[in-house]
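Engineer: Need a 3D model of the following:
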Amino acid sequence: MRQILAWLTLITLSCAAYAASDYRERLAEDEVVYFVLPDRFANGDAANDRGGLSGDRLTTGLDPTHKGFYHGGDLKGLTARLDYIQGLGATAIWLGPIYKNKPVQGGPGQESAGYHGYWITDFTTVDPHFGTDADLRAFVNAAHTRGMKVYLDIITNHTADVIQYKECPSGPCPYRSRADFPYSRSLKGAPINDGFLGDGVRTPQNFEKLTRSDYAYTPFVPPAEANKKVPDWLNSPIYYHNRGNSDFWGESSSMGDFVGLDDLMTENPRVVQGFIWIYGDWIERYHIDGFRIDTARHVNPEFWQAFVPAMLKRARAAEIPNFHIFGEVAADGVDVAQLARHTRVDKLPSVLDFGFAWAVTKAVAGTEGTSVLARLYEDDGLYEGGAPAALRLPTFTGNHDFGRFAYFVRQARPAASDGEVLKRVALANAMMFLLRGVPVVYYGDEQGFVGHGGDQDARQDMFASQVASYNDLGLLGSAHTTALENFDALHPLYRQIAALALLRKQYAGLRRGRQIVRAQSREPGLFAASRIDNAGREILVAFNTSMQPVSAQVEVDARLSVFTSLIGTCSATVTAPGSLQVELPPLGYIACAAATP
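Structural biologist: Just a heads-up that it's a prediction; the model follows:
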């Protein structure tokens, strides 16, 4: 036990020294990101649990026994746990949205709370459930003092559900297209918005002629919510599409309400400038280090083409040279073209690598061969900036929407033992840290959280939970459940991630090195790749996704002859010029550093 504690102390001190060394100069690809929903992490101040409201859960949003309501986590609690996060090796924290939300929304019997932060009414201040603006400042300052970056989760696609439609008093409205319900004609058939040339002419002069919003439905704001949104311009229906619910296909994908949420008309220059001011102000006030953009694919490209340069300019003015922006493009399957399109057309600097998440799920949790990984990396050149840009892609194995990786293993392999599931989760972690991209650890994964699916079923509490459907599952690698708090720095997955993070810190090739796929399999088995830094130093990483040991020859640079084991046991010398023998146990992995030729 003393040896373990000493080892963890060494990792913590080493990672802290790395993080604190001029953190503003670190490139995006140098980070290890920890993604956290503040409501579910740590409760530092019970006085703010109800967000300053009084009444039952349908008013305050607080119900720690229900997975869809506030549980009490806040910014003070998160700040108090920075030692734990930094000890894991994280150098940046992706903070779930902290803006003021509508506490509760949903029809009778369908109510849930804005604990997740994506139902914003006030874009300019912290939600009282999470604390105060001063609490956020204290958190950011504390992180920066440690050399850790802070990425804010931002939303421009929609607000909370405030606007209603007279035509649909008791349920959602179906989407109504621009062709069937043009801007130029009211629902009663009378001409309206004379001279408006449509949302494709994105000039202030054109949008001045859009004066009525009753072309598809008759939108209205209930009197009690007439001034709920901040800034005030957000209270006018004229700045929204008002065409009913998106079916996430075709035109409705960018113009429909996201499951009832008020969909902003991001084609309007007033909306563009409004959000440039909103989020530029967050940069200026808090000197944060980047944005994760929610629902980025549901916003028109022209919005991002204006917004991103404005944010980067504001960050440079605040002396933040490496401000990182990455968008959520929720793609199904290993569809690199869909992801890359948003970097080339929308000009987003980076996107969450859903392709990696799907490929690892298929290869490690599922039963596909490792060729799915090779296929993923073949398309790295499609991103704007080519393969070097892929080094900045945030990679993940699970998140708050997608679900946890351990859950996918359980689903695909219901007969697997706890030990096998743990090894598969560890193998996926190793791929995330050793292959190209920026690893994003979803809070709780390092404690063996499993969950029952995606969305609310993947948003467990780190503090002692009162949710029955969270507490009915054991944790991987632990005798605990979520009924107890789980901040165990000795958990095997925590220790594994900390060790992998330290290795990334020590070897630039694992952070910035170009990647060459060296071996793949049609069936579960071997996958290998070389990471090569700017000086030509090569690190071979290899993984076995099967339940059988693997022995194989893997290609390396023919000038290399001697290798050192970084993880696992590597052959000390090549078998022949250009070929190294690798031996991998079931679900094992190795990392082998070549001596300079």
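Engineer: got a list of what the residue nearest to Asn235 when sequence neighbours are not counted touches?
Structural biologist: Of all residues beyond its chain neighbours, the one nearest Asn235 is Lys229 (4.9 Å), with distances taken as Cβ to Cβ, 6 or more residues apart in numbering. Placement of C-beta: from N, CA and C, glycine included. For Lys229, the contacting residues are Thr121, Asp122, Thr159, Ala160, Val162, Asn235, by Cβ atoms under 8 Å, 6 or more residues apart in numbering.
Engineer: let's go with 7 Å and repeat that
Structural biologist: By Cβ atoms under 7 Å, 6 or more residues apart in numbering, the contact list for Lys229 reads Thr121, Asp122, Thr159, Val162, Asn235.
Engineer: For the residue nearest to Leu560 when sequence neighbours are not counted, which phi and psi angles does the backbone take?
Structural biologist: In this structure, Leu560 finds its nearest non-sequential neighbour in Ala594, 4.3 Å apart by Cβ to Cβ, 6+ apart. Main-chain torsions, Ala594, degrees, to the nearest 10: phi -80, psi 140.
Engineer: Which SSE is immediately downstream of the stretch of helix or strand Leu510 belongs to?
Structural biologist: Assigning secondary structure by DSSP states H and E places Leu510 in helix 509-512. Next in sequence after helix 509-512, counting helices and strands by DSSP H and E, comes strand 514-519.
Engineer: Give me the below-cutoff pLDDT ranges for this protein.
Structural biologist: 1-21, 597 (pLDDT under 70).
Engineer: same thing but at 90, please
Structural biologist: 1-22, 107, 170-171, 331-332, 596-597 (pLDDT under 90).
Engineer: Could you measure from His287 over to Leu95?
Structural biologist: 14 Å (Cβ to Cβ, to the nearest Å).
Engineer: the more surrounded of those two?
Structural biologist: Legend: neighbour count by other Cβ atoms under 10 Å for His287 and Leu95, higher for Leu95 (26 against 17).
Engineer: and the more buried one, what are its bridge partners?
Structural biologist: Val36, Leu152 (DSSP bridges).
Engineer: ditto for Thr481
Structural biologist: Applying DSSP bridges, one finds that Thr481 bridges with Gly474.
Engineer: Leu475 is in contact with that one, correct?
Structural biologist: Yes: with contacts counted by Cβ atoms under 7 Å, Thr481 reaches Leu475, the gap being 6.4 Å.
Engineer: Please identify which of these two sits among more neighbours.
Structural biologist: Neighbour count, other Cβ under 10 Å: between Thr481 and Leu475, Leu475 has more, with 23 against 17.
Engineer: could you measure the closest residue to the more buried one other than its chain neighbours against Thr482, distance?
Structural biologist: Computed as Cβ to Cβ, 6+ apart, the closest residue to Leu475 that is not its neighbour in sequence is Gly448, at 3.9 Å. For Gly448, the distance to Thr482 equals 10 Å [Cβ to Cβ].
Engineer: Also Trp304?
Structural biologist: Trp304 sits 38 Å away from Thr482 when distances are taken as Cβ to Cβ.
Engineer: of these two, who's got more company?
Structural biologist: Thr482 (27 against 24).
Engineer: My read is that that one contacts Asn471, right?
Structural biologist: Yes: counting by Cβ under 7 Å, Thr482 does reach Asn471; the two are 5.3 Å apart.
Engineer: Give the residues shared as contacts by these two.
Structural biologist: Residues touching both Thr482 and Asn471 (Cβ under 7 Å, 6+ apart) are Ser465.
Engineer: Tell me, how many residues neighbour the residue nearest to Leu475?
Structural biologist: 25.
Engineer: So it is in contact with Ala479, correct?
Structural biologist: No: with contacts counted by Cβ under 7 Å, Gly448 stays clear of Ala479, the gap being 10.3 Å.
Engineer: What segments of the stretch 51-200 of the chain are helices?
Structural biologist: Taking DSSP state H, counting those that start in this stretch as the test, the helices found in the stretch 51-200 of the chain are 57-60, 75-80, 82-87, 133-145.
Engineer: For the nearest residue to His158 once chain neighbours are set aside, give me its contacts.
Structural biologist: Nearest-residue entry for His158: Leu261, 4.0 Å, with adjacent residues in sequence omitted and distances by Cβ to Cβ, 6+ apart. Neighbouring residues of Leu261 by Cβ under 7 Å, 6+ apart: Trp119, His158, Thr159, Ala160, Asp161.
Engineer: Of those, just the buried ones, ChimeraX syntax please.
Structural biologist: Per 16 or more other Cβ atoms under 10 Å, the buried members of the contacts of Leu261 correspond to this ChimeraX selection:
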select :119,158,159,160,161
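Engineer: about what we covered before: highest neighbour count among the contacts of Lys229?
Structural biologist: That'd be Thr159 among these, by other Cβ under 10 Å, with 26 neighbours.
Engineer: ok, now how distant is it from Arg176?
Structural biologist: Taking Cβ to Cβ, one finds Thr159 at 20 Å from Arg176.
Engineer: same deal with Pro309?
Structural biologist: 34 Å.
Engineer: Please apply the same query to Ala468.
Structural biologist: For Ala468, the distance to Arg176 equals 41 Å [Cβ to Cβ].
Engineer: neighbour-wise, which of the two wins?
Structural biologist: More crowded of Ala468 and Arg176, by other Cβ under 10 Å: Arg176, with 20 against 11.
Engineer: so who does the residue lying closest to that one once chain neighbours are set aside touch?
Structural biologist: Excluding the flanking residues, the one nearest Arg176 by Cβ to Cβ, 6+ apart is Ala216, at 4.0 Å. Residues in contact with Ala216 (Cβ under 7 Å, 6+ apart) are Arg176, Phe181, Asn242, Arg243, Gly244.
Engineer: Can you pull the phi/psi pair for Pro321?
Structural biologist: phi -70, psi -30.
Engineer: from what I can see it touches Arg24, true?
Structural biologist: Yes: using Cβ under 7 Å, Pro321 is in contact with Arg24, at 6.3 Å.
Engineer: Pull out the buried positions in the helix or strand hosting Leu502.
Structural biologist: Under the criterion of DSSP H and E, Leu502 resides in helix 492-506. Across helix 492-506, burial judged by 16+ other Cβ under 10 Å covers 492-505.
Engineer: For Pro414, state which of the contacts of Lys229 is nearest.
Structural biologist: Distance to Pro414 across the contacts of Lys229 (Cβ to Cβ) is lowest for Thr159, with 41.1 Å.
Engineer: list the contacts for the closest residue to that closest one other than its chain neighbours?
Structural biologist: Excluding the flanking residues, the one nearest Thr159 by Cβ to Cβ, 6+ apart is Asp262, at 4.7 Å. Applying Cβ under 7 Å, 6+ apart to Asp262 gives the contacts His158, Thr159, Ala160, Asp161, Val162, Ile163, Tyr240.
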